[in-house]
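Trainee: No letters, just coordinates:
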């Protein structure tokens, strides 16, 4: 029996940023394999898990890449200069701990010159004047372990809050949805698929939904049900006026920054939820794209919607979700995948 | 003998903020008990370990409290509002995990405000109402079942030591000082030699909010010499670079303070320690700091005490990822041990035979009624 | 490499109007290629049979289009309004000499409104659409007679060798990759069947690349292009990206691509084994065809190599012959050994 906290922690420890997904891809393939009819990996690293069925081709992507840093330079005193992979704001970078591929730990800091010039918090935290210090004692010692091109990820870990009901973790976006895909696969283990199902752990979403685009080009699905996170605005740190609440069920996607969901698919998801007693809300997310965007633009017509997990503080080193929302999402994805869909 | 960083790791599990040092004190007392002639906890909560001698009275201290937060209150949504304890670096006030005294966990967040108002605030304008802690509680009742008003909280962050012996992690300030002093006690016990000096190793409380514990200890003990073993800013990271050469660096040895925010160290004492360092081949630096330590609080007690700091250089003080070098910690230990191995003698201005040294009424430095005995 | 770079960079071809370049290259490669094809967007596809056949197609690509403008209508003053390709920097073109593509009519870019004189706005950089080409016409008729709308407008700085082994010239940056590809087709027998793709419209959102990717559906992509070098006194060393004199460049990441580490490391190994100097390109703000080529079809592994070029996009880019030679060696090794 898959456990949400256990899976998320394992995925977090295995995951590396966009373009460097080999480690989490391997873990996901291994976890999914017992539930797959076919499983393959493509040139970009997408892991495609098929449950064979007749009829409508449904792609169910969740991305396995995460945000992070890539080392660009090591200066003469051994401090590391970097660029971000994916959208980490400068404010989020400041003072945040990262772990590099060799295990080195460093918090990102701002240079004295920048602090002296800064008027406000935003000013203070310009990415180009930041550096990472792994315990620099000169250029040579740092270069023994760190080279340009190496990547780093948040050095935070998955924790349980509120007696285990709530999980706060790096990379709920989008590993928690990889978890919901695994839960769905587990739920469908003994079923005979009524549609032709492709669960895809995609690569390079955070740098432009690239894996999904290539996967859709090749696969030519009819429908896409994307599993990604959506903004929960039930906390004081929320930055947008529109969003969801955690703990009130998975959210059926109406739109996101790059795609509009199709009524047919939304209705399909709603009926699947209601027929199976699964709680749900609607995801009206305005900002931010998902793999659905890419799949809609890849090749032919792809009708889309999604099953989203409301998440607080997306893209921060601690993203917060309700464990039960994830369990319910697994059930909803399975129910929707299984309910015969005629286009 | 126990490794300094290992001792520090043990202390990390008990870390708590000024005023809530009890768990750390209990652990230190337990560890120190077999190493000194007497160990007790005084009224404010300082742990005092006494290695008896007939010579000069030397007080060496490190503080047990760390910077962090305490609970101000809980709102109806279950969010926890905090107060900073000590000079918590603002940059470490969001996107972090906190552990409360009784084990509850929560994430620190900033209040984003209308249209990204937070980011546009001036650094000096940020108040305690701009950040809060999210326990994941559904409402006030659930939150209050997990934490109480006045409860302390500290950061949770990874610790790691590099191959070159640089330790990155929280609470180096001043748990490394406490670890060094515990090791010093081990060395004094093992060698049986404290130079005949009357040594008081004091683990103080409430340093981060006004060096209060040390003041009490200093007042009671009225030492001749006082050394605070703390951390001090290493200026060698790009965050900090001064314009002159010879500033404090990580890995370049223990730092003898010339001046800090609260103290101009006793020059003759510093010179004496420099001589000890040079005699024993121990590297040292002379430092300037914008912070303060316990030493300042007892410089003026009784008839005056010759005080200085012997500090471990540290980058990123008061953040959740502080950075110190193993070699510096070990050299601090070596310097203290070397200093104590010979009689401290008089401060230059006193009569060399010590005949001017009086014991003020009722203050012999020993245990008193009301103290917690070992 | 000098002759290749000279002859290709001297041809005129802004984005969307690469005909002269494409036709020249097509004629040159015909005797050496197995097939030569083109498409509606003016991409050029050259296929060379190798000793073996790869599982999925291998593409080595470079762009053909250079920086410049497309002429619009003549204004009343006689100056020609301009439409810029992506990535043009208004600061870099003011006061520079331009020429009508394929012709002899020359002009200087000025500004229409008075941003550079007067008390207000002396520091303000004009926007691209405020720029116009002064062809020395006195009025609108004169302007119309000199330049037709739709003609390409290119920098007017001829190729030259100067200083201690440097080359400069109007499209030394834009045609760097293409010149390497041209020589590869003429001189190298590939280990595996290889597509050499000269893309069009790379400076208009990489449109050529999108179409090229779908035509071929590559499994491996290697792009060859200029790598902007910031090693000038005005720039902080950490932001230099690459340095002149340090060899061929290996890209890490840019706007469209996270280069596949495995490929990059293989290239680094090949270079080390053969004594070819290489450096990591740490700058990530560029955008080349690699992005579209490796993601717009079924997906491909991707790497980007180049040579450090200063003053990219200014009409006077410069590259050092040793770095260009290192790039040539690296590209040759890749095609021979892949």
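Mentor: Cool, got the structure. Computed from a predicted structure; not experimentally measured.

Trainee: can you map out the strands along the stretch 101-250 of chain C?
Mentor: Counting by DSSP state E, counting those that start in this stretch, one finds strands in the stretch 101-250 of chain C at the ranges C:106-111, C:131-134, C:152-155, C:160-162, C:166-168, C:194-199, C:220-229, C:248-251.

Trainee: which residues touch residue C:295?
Mentor: For residue C:295, the contacting residues are A:44, A:204, A:208, A:210, A:213, A:214, C:213, C:256, C:257, by Cβ atoms under 8 Å, 6 or more residues apart in numbering or on different chains. Any C-beta I mention is one placed from the backbone N, CA and C, and that applies to glycine too.

Trainee: check which helix or strand covers the third one.
Mentor: Residue A:208 is part of no helix or strand when elements are defined by DSSP states H and E.

Trainee: Find the nearest non-adjacent residue to it, please.
Mentor: What sits nearest to residue A:208 in space, not counting adjacent residues and going by Cβ to Cβ, 6 or more residues apart in numbering or on different chains, is residue C:256, at 7.3 Å.

Trainee: what's around that neighbour, how many residues?
Mentor: Residues near residue C:256, counting by other Cβ atoms under 10 Å in any protein chain shown, number 22.

Trainee: and what of residue B:265?
Mentor: 25.

Trainee: How about residue B:258?
Mentor: The burial count for residue B:258: 16, using other Cβ under 10 Å.

Trainee: Any regions of the chain where pLDDT drops low?
Mentor: No chain specified, so I'll use chain A. A:113-118, A:124-125 (pLDDT under 70).

Trainee: nope, chain B please
Mentor: B:346-374.

Trainee: And for it, the residue most distant from the center?
Mentor: Here chain B reaches farthest from its C-alpha mean at residue B:115, the gap being 40.8 Å by Cα atoms, centre = their mean.

Trainee: Just confirm that one is within a helix.
Mentor: Yes: the assignment for residue B:115 by DSSP: H, G, I helix; E, B strand; the rest coil puts it in a helix.

Trainee: Mind listing the strands the helix or strand encompassing residue C:73 pairs with, and their directions?
Mentor: Assigned by DSSP H and E, residue C:73 belongs to strand C:68-74. Strand C:68-74 has its sheet partners listed here by DSSP bridges as strand C:80-84 (antiparallel), strand C:152-155 (antiparallel).

Trainee: lowest-confidence stretch among those?
Mentor: Here the lowest mean pLDDT among the strands paired with strand C:68-74 goes to strand C:80-84, at a mean of 91.

Trainee: what comes up buried for that strand?
Mentor: Using 16 or more other Cβ atoms under 10 Å in any protein chain shown as the test for burial, strand C:80-84 gives C:80, C:81, C:82, C:84.

Trainee: quick one: contacts for residue 189?
Mentor: Defaulting to chain A. residue A:35.

Trainee: please go with chain B instead
Mentor: B:34, B:35, B:36.

Trainee: could you redo the last one with a cut-off of 10 Å?
Mentor: Residue B:189 is in contact with B:1, B:32, B:34, B:35, B:36, B:37, B:51, counting by Cβ atoms under 10 Å, 6 or more residues apart in numbering or on different chains.

Trainee: And the residue of chain B that's closest to chain C?
Mentor: residue B:238 (10.2 Å; Cβ to the nearest Cβ).

Trainee: So that residue: helix, strand or coil?
Mentor: coil.

Trainee: List phi and psi for residue A:40.
Mentor: Here is the backbone geometry of residue A:40 (degrees, to the nearest 10): phi -150, psi 160.

Trainee: So the spatially most central residue of chain C versus chain A, what's the distance?
Mentor: When Cα atoms, centre = their mean is applied to chain C, the residue found nearest the centroid is residue C:174 (2.4 Å). From residue C:174 across to chain A, the span is 24 Å (Cβ to the nearest Cβ, to the nearest Å).

Trainee: beta partners of the residue nearest to that residue when sequence neighbours are not counted?
Mentor: Counting by Cβ to Cβ, 6+ apart, residue C:66 is the residue found nearest to residue C:174 once chain neighbours are left out, at 3.8 Å. Counting by DSSP bridges, residue C:66 is bridged to residue C:14.

Trainee: In CSV: the contacts of residue C:295, plus secondary structure and distance to residue A:81.
Mentor: Below are the contacts of residue C:295 laid out as CSV (DSSP: H, G, I helix; E, B strand; the rest coil; distance: Cβ to Cβ, whole Å):
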residue, secondary structure, distance to residue A:81
A:44, coil, 28
A:204, coil, 23
A:208, coil, 23
A:210, helix, 25
A:213, helix, 31
A:214, helix, 31
C:213, helix, 32
C:256, coil, 22
C:257, strand, 20
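
Trainee: Those residues: which two are farthest apart?
Mentor: A:204 and C:213 (15.4 Å; Cβ to Cβ).

Trainee: Just the closest of the buried residues of strand C:80-84 to residue A:78, please.
Mentor: Out of these, the member with the shortest distance to residue A:78 (by Cβ to Cβ) is residue C:84, at 42.4 Å.

Trainee: Quick check: the closest one touching residue C:71?
Mentor: No: Residue C:84 is beyond contact range of residue C:71, at 11.2 Å (criterion: Cβ atoms under 10 Å).

Trainee: Would you mind listing the residues touching both of these two?
Mentor: The contact lists of residue C:84 and residue C:71 share residue C:153, where a contact means Cβ under 10 Å, 6+ apart.

Trainee: Near residue B:279, how many other residues are there?
Mentor: 10.

Trainee: Could you report the separation of it from chain A?
Mentor: 27 Å.

Trainee: Which residue ranges of the stretch 1-150 of chain C form helices?
Mentor: Applying DSSP state H, counting those that start in this stretch to the stretch 1-150 of chain C gives helices spanning C:2-10, C:19-29, C:90-93, C:140-146.

Trainee: Determine which of those shows the lowest mean per-residue pLDDT.
Mentor: Looking at these, the bottom one is helix C:90-93 with a mean of 88.

Trainee: Mark out where each domain of the chain begins and ends.
Mentor: Defaulting to chain A. A:4-66+A:170-338, A:68-154 (automatic domain parsing).

Trainee: Correction: the question concerned chain C.
Mentor: Split by automatic domain parsing, chain C gives C:2-66+C:171-337, C:68-155.

Trainee: shaky segments in the stretch 1-150 of chain C?
Mentor: Checking the stretch 1-150 of chain C against pLDDT under 70 turns up C:111-123.
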